[in-house]
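Q: Need coordinates for the following:
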Amino acid sequence: MKTIPVTGQGSKSFTIDHNNQPQRLILSNIYKDATIELSMERQGESKIRTISPVKVAFLIELQNKIEFLQGKRLQIFRYATESSKEVIASGIIDVGIGGEIVLQEKDYMFVDLKTLDNASFNISISGGLRTAGTPFQLRKTKVDSGNSELKVDLSQQRYIIFDKASMPDEIDFIRGDEKVVMSKELLLQEQENIFGVVAYDKTNVPVFGTNQAVVLQTAGLDGCYFRWSADLAKDFYYWIV
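A: Prediction:
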């Protein structure tokens, strides 16, 4: 496992090559509002983005929840205070699904970090015992302002993710001729029922249900409708795995 000390504020980028076959990135004391973007380039192929720019805390939480929904133990992350800044004490980001990403001599993975507001933190690159068939991919999708309803095809999607601070007022889930309508408040309550404690804040108070990422399992669903009580005043984003 290789550990990379990172110092300074603003933005930092680094490249992972064939000397480190990555499965996970382990982050220690990274600023709470830091964002991350991952992309990969294999020899002779175009560069592809595997994880769209997203807050580190949001990504850690959504991956923890997905692993729990797949039958694994829920990982809980903690906030802390480091040099007067609120940070994520420790968190894990999976870059490969079920194993490490095999990088050949001229293959690369690129990690871009932004909104870094603490003086220093560490990133460790961890491999695995198995080989991943594919990298973890997170796709960000925009809904233009002015909409009050949107139909989303879920037939090929496994999970849909929202920012807790920006959710539809209501979602209609469709399977065949059946429809289930759930309000934002009911969805957040369901997150609490499913996941329990997902994090601890900087004073060690447990966070129940959702810190930032609302994760909905969509396997078996045909689609859904996002509904808002009024036209969107600004663009809306959601994420798909």
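Q: Give me the helices and strands touching the helix or strand encompassing residue 50, please.
A: Secondary structure assignment for residue 50, by DSSP states H and E: strand 48-55. In terms of contact count using 3 or more C-beta pairs under 8 Å, 6 or more residues apart in numbering; DSSP states H and E, strand 48-55 is assigned the packing partners strand 35-41, strand 139-143. To be clear about C-beta, it is placed using only N, CA and C from the backbone, and glycine gets the same treatment.
Q: The last one pairs with which strands, parallel or anti?
A: Think strand 139-143. Next to strand 139-143 in the sheet, as set by DSSP bridges, lie strand 236-240 (antiparallel).
Q: CA-only coordinates of the partner strand in CSV, if you can.
A: The C-alpha coordinates for strand 236-240 follow below in CSV (Å, rounded to 0.1, in the frame of the first residue of the first chain):
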residue,chain,number,x,y,z
PHE,A,236,-31.1,19.9,-10.5
TYR,A,237,-28.6,17.0,-10.4
TYR,A,238,-28.8,13.4,-9.5
TRP,A,239,-26.4,10.5,-9.8
ILE,A,240,-26.7,7.0,-11.3
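Q: follow-up on the earlier one: what mean pLDDT does the very next helix or strand once past the strand holding residue 50 get?
A: Next along the chain after strand 48-55, taking DSSP H and E as the criterion, comes helix 56-69. Averaging the model's pLDDT scores along helix 56-69 yields 97.
Q: now the residue of the chain most remote from its centre: how far from residue 225?
A: With distances taken as C-alpha atoms, centre = their mean, the residue sitting farthest from the centre of the chain turns out to be residue 177, at 31.7 Å. Residue 177 sits 15 Å away from residue 225, taking C-beta to C-beta, to the nearest Å as the criterion.
Q: Residue 14 too?
A: Residue 14 sits at a distance of 42 Å from residue 225 (criterion: C-beta to C-beta).
Q: what do you get for residue 68?
A: Shown here: residue 68 relative to residue 225, a distance of 27 Å by C-beta to C-beta.
Q: hang on, the earlier thing: looking at the helices and strands packed on strand 48-55, which is closest to residue 112?
A: Ranking the helices and strands packed on strand 48-55 by proximity to residue 112 (C-beta to C-beta) places strand 35-41 first, at 4.4 Å.
Q: what's the offset of the closest one from the middle of its chain?
A: Strand 35-41 has its average C-alpha position 12 Å from the chain's average C-alpha position, going by C-alpha atoms, centre = their mean, to the nearest Å.
Q: What helices and strands are in contact with it?
A: Packed against strand 35-41, as judged by 3+ C-beta pairs under 8 Å, 6+ apart, are the following elements: strand 48-55, helix 56-69, strand 108-116.
Q: now the angle between helix 56-69 and it, please.
A: On the basis of axes from the mean of the first three to the mean of the last three C-alpha atoms, to 10 degrees, strand 35-41 is oriented at 70 degrees to helix 56-69.
Q: What are the buried residues along strand 35-41?
A: Taking 16 or more other C-beta atoms under 10 Å as the basis for neighbour counts, the residues of strand 35-41 that come out buried are 35-41.
Q: and these as TSV, adding distance to residue 208?
A: Output for the buried residues of strand 35-41, formatted as TSV (distance: C-beta to C-beta, whole Å):
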residue	distance to residue 208
35	25
36	25
37	29
38	29
39	34
40	35
41	40
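Q: and of the residues you listed, the nearest to residue 93?
A: When the buried residues of strand 35-41 are compared for distance to residue 93 (C-beta to C-beta), residue 36 wins out at 7.1 Å.
Q: Please name the residues that touch the closest residue to that closest one other than its chain neighbours.
A: With C-beta to C-beta, 6 or more residues apart in numbering as the criterion, residue 36 has its nearest non-adjacent residue at 5.2 Å, and that residue is residue 56. For residue 56, the contacting residues are 27, 30, 34-36, 88, 91, 93, 113, taking C-beta atoms under 8 Å, 6 or more residues apart in numbering as the criterion.
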